[in-house]
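Chemist: sequence-free structure coming up:
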């Protein structure tokens, strides 16, 4: 985390926390149509991208799941 604060970060700490959490959620690929749970050979379930992209970071192939 950056030691220096921006001007907007001098406001209410709860609003800052909510803003950061919302921004982090927008950067993930949660809710993408191409994300799917796949069973791995060791008995677990892993999320994979069906487009061959790394899962967890939003890419240009993101489509909303309907």
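Modeler: Alright, I've got the coordinates. A quick note: this is a predicted structure, and the numbers were derived from the prediction, not measured.

Chemist: C-alpha from now on. contacts and neighbour counts both.
Modeler: Fine.

Chemist: tell me the helices in this structure, going along the chain?
Modeler: Using DSSP state H, the helices of the chain run over residues 13-26.

Chemist: who's in contact with residue 9?
Modeler: Shown in contact with residue 9 (Cα atoms under 8 Å, 6 or more residues apart in numbering): residue 16.

Chemist: can you give me the strands in the chain?
Modeler: 35-39, 45-49 (DSSP state E).

Chemist: tabulate the ones you listed (TSV), appending mean neighbour count and distance to residue 22.
Modeler: Shown next, in TSV, are the strands of the chain (neighbours: other Cα atoms under 10 Å; distance: least, Cα to Cα, whole Å):
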stretch	mean neighbour count	distance to residue 22
strand 35-39	14	20
strand 45-49	14	21
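
Chemist: nearest to residue 65, of the ones you listed?
Modeler: strand 35-39 (9.0 Å; Cα to Cα).

Chemist: once you drop chain neighbours, what's closest to residue 53?
Modeler: residue 59 (7.8 Å; Cα to Cα, 6 or more residues apart in numbering).

Chemist: residue 51 now?
Modeler: Computed as Cα to Cα, 6+ apart, the closest residue to residue 51 that is not its neighbour in sequence is residue 34, at 6.5 Å.

Chemist: isn't the residue nearest to residue 53 up against residue 29?
Modeler: Yes. Taking contacts as Cα atoms under 8 Å, residue 59 lies within contact range of residue 29: 7.5 Å.
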